[in-house]
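Engineer: take this sequence and fold it.
(2 chains)
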Amino acid sequence: MRLLVIEDERKAGEYLKKGLEESGFTVDVAYNGIDGLHLALEDDYELIVLDVMLPGIDGWTVLARLRAKKETPVLFLTALDDLEERVRGLESGGDDYLVKPFAFVELLARVRTLLRRGPPRDVEHVHIGDLEIDAIRRRVRRAGQKIDLTPREFSLLQLLARRRGEVLSRTQIASYVWDMNFDSDTNVVEVAIRRLRVKIDDGHDTKLIHTVRGVGYVLDLEEPG
Amino acid sequence: MSSSSLSTRLTATFIAITALCFAVVGFLLYDALASRLIAQDDTNIVLAARHLRRLVAEVKSDADVIQHRDRLVAIVLGDPAIALRISDAGGHVLIDYNPSGIPLEPMAATEANERITQQNVQVWRDLNHAPIDGVATQASLADGSHVVITVARSLADRASLLSRLRRDIAVIVLAGMLLVALLSFLLVRRALRPLRTMAAQAKVITAHRLDARMSLEQAPIELQQLTSSLNDMLERLEQGFARVWQFTVDLAHDLRTPLSNLRGTNEVALTRPRSVAEYESLLGSNIEECERVSRTIESVLFLARAENPQFALNLVEMDLAEQLGAMADYFEGPSSEAGISIDVSAKGSVFADRELFRRAVNNLLANAIRYTPQGKTIFLRGLAHADEVVVSVENPGKGIDDEQLERIFERFFRGDRSRSDSANSAGLGLAIVKSIMDLHGGSVTVQSQVAGLTRFDLRFPRTPGFDAQPPPID
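Structural biologist: So this is what the prediction gives:
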């Protein structure tokens, strides 16, 4: 899948390219609005990551001119932490936004959500190694052994399993599991992961829940990296 | 006009009023004097005509009239500006006394038996446009024949008197106006001196010298209210500036710690080759410091946004038990790990912005868990009263002393300096709670006993239709 990143700051452009490429995307970077708009109109990208503050022509103009011809989804990056600006971003046809500074895993998750066609499938049965999750009866087994989870623990496990291999930030987890949509500055998620780990991984050689320090948590057979 | 000087306007107004008064008084005086003079002149020739008619009646014939010329002329003799002509019925002039050559005009003559009054006086003008009064009357002689007596007087002297009078009045009015202009200018200047003093005092007040105040003693009573209002404003500005300054210093300090950690750990790491595990740990630590900076910036921006009157609240009615239950559920993990239980009791509903409500309760609960000793209970209550909804978070602990209670909602205020290493307590949590309550038109209060219970109360207005008060200008 081809993505276009329009970002004037070289460092940011470079790390976005690197990070997105390592996550399996093909990435072109444009360092100003004019080049970016040109590329966006000439080539067919699946998604455009667009910084709002650009030299030459700004992100809004790029978007307006792009929208005149194409419906490519756009993820805005903005340092303007202002509700009005956000609304403007979405109303003018952008599809999502992220306020700087953001966590890269957050960006990755937004990109994946925008590219996912249709609503996410609710998988009834998930098998990861010897872990089985029955979403309908809300039952979990590991190596054939039933594991009792609280409702919160179950929805945390379900989230991690559904996004297998994807690092989820604490904010994402808090938002999904507890519907807390702000950075709450507590160790709620750490505690929950710790408890889930005791139930899922303790006594098993293959650990499934992994911590990416400073970034978040991931569920997979292998350790990330 | 609105921007012209006050003293110019006052002076101009004074001059206009004075000019009007002088002009009216001058005109009235002139008019009274002029009509008096005219009446006097008219009376003089009327009386002369009457006298002459009586004298002529004693004269026998036309010829006799000529004979008695001196006697008749004597009536008008003292006045060189007067003319007398007596002619017979046929129009022949019998006596013509006209030392100053007044041009006489033919006039309708009063009947001999008719009384001569001022109504009979006629006015015409000579070549120099000086007015001339004249009266003509028939008179019967002793022999029954008639003569016509004409008396005329030049009023050139009266005209020049009046014109002198007009000039004098004009000069007096002008001089008066100039005098009033000068006096009123000086007076207004003097009266407005306190304003100039105030302006001079205001000039020295800058952002660097906000402690300066305007002097109240020198100000007249009318300006004292203004002066004290301005001083109050300065007081508020000074406090505001001080707060902003303190805020900037605190913010810089708060950012300096994670930045110096970042720099230090990275520098140390780069001094020699490390294992991959060490590098990974370093990068993880770097991200944690970045998160700390991000969190501080996010909080500061939230506080700044909350002060914007445009801040949009999404007010909804929420069940208190449900919301507080969700908050207790959210904190179940950390609290049970710390051996603390959270007791929820709630009834009724609250109108509030859901995210902000949760954020406020979150900040209070996070604090409560931090300070509650093991084995104790935090009470989370929500109660809808008639006029307000109170959400309270109460926990036992070492308590907060009075001095700290006063400042606890200030930005970057940390009750416990020894905890400043903790990335958890940036010192903005309670400031954000206060900000959220201000946005809702509510309030937050705190009560605490040392080594006892500490309770925070969030008070929300009962009805959703309240006028959201803009946050106070800090």
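Engineer: who in chain B is up against chain A?
Structural biologist: Chain B has residues B:280-281, B:283-288, B:290-291, B:293-295, B:297-298, B:301, B:305, B:310-312, B:326, B:329-334, B:337, B:355, B:358-359, B:362, B:366, B:369, B:424, B:426, B:429 near chain A, with proximity defined as Cβ under 8 Å from any Cβ of the partner chain. From N, CA and C alone the C-beta is placed, and that goes for glycine too.
Engineer: in strands only, show me those.
Structural biologist: Among those, no member is found in strands (DSSP state E).
Engineer: now, of those, which are buried?
Structural biologist: Taking 16 or more other Cβ atoms under 10 Å in any protein chain shown as the criterion, what is buried in the residues of chain B next to chain A is B:281, B:283, B:285-288, B:290-291, B:293-295, B:297-298, B:311, B:326, B:330-334, B:358-359, B:362, B:366, B:369, B:426, B:429.
Engineer: got a pLDDT number for the closest residue to residue B:62 other than its chain neighbours?
Structural biologist: Nearest residue to residue B:62 in three dimensions, chain neighbours excluded: residue B:88, at 4.9 Å (Cβ to Cβ, 6 or more residues apart in numbering or on different chains). Note for residue B:88: predicted pLDDT of 86.
Engineer: quick one: residues contacting residue B:88.
Structural biologist: Residue B:88 is in contact with B:62, B:65, B:94, B:145-148, counting by Cβ atoms under 8 Å, 6 or more residues apart in numbering or on different chains.
Engineer: could you measure the residue most central in space within chain A against residue B:441, distance?
Structural biologist: When Cα atoms, centre = their mean is applied to chain A, the residue found nearest the centroid is residue A:109 (1.0 Å). Separation of residue A:109 from residue B:441 (Cβ to Cβ, to the nearest Å): 37 Å.
Engineer: residue B:438 touches residue B:309, doesn't it?
Structural biologist: No - shown here, residue B:438 and residue B:309 do not form a contact pair, counting by Cβ atoms under 8 Å, at 11.2 Å.
Engineer: between these two, which one's more packed in?
Structural biologist: Under the criterion of other Cβ atoms under 10 Å in any protein chain shown, the comparison of residue B:438 against residue B:309 puts residue B:438 first, with 19 against 8.
Engineer: next, the more buried one: secondary structure please.
Structural biologist: When classified by DSSP: H, G, I helix; E, B strand; the rest coil, residue B:438 comes out as helix.
Engineer: quick one: it from residue B:413, how far?
Structural biologist: Residue B:438 is 17 Å from residue B:413, by Cβ to Cβ.
Engineer: hmm, back to that, so who does the residue nearest to the centre of chain A touch?
Structural biologist: Contacts of residue A:109 by Cβ under 8 Å, 6+ apart are A:163, A:166, A:168, A:172.
Engineer: which positions are bridged to residue A:48 in the beta structure?
Structural biologist: Beta-bridge partners for residue A:48, by DSSP bridges, are residue A:4, residue A:74.
Engineer: residues of stretch B:74-82 that come out buried?
Structural biologist: Quick answer for stretch B:74-82 (16+ other Cβ under 10 Å): B:75-76, B:81-82.
Engineer: which element is residue A:161 on?
Structural biologist: Residue A:161 is part of helix A:151-162 when elements are defined by DSSP states H and E.
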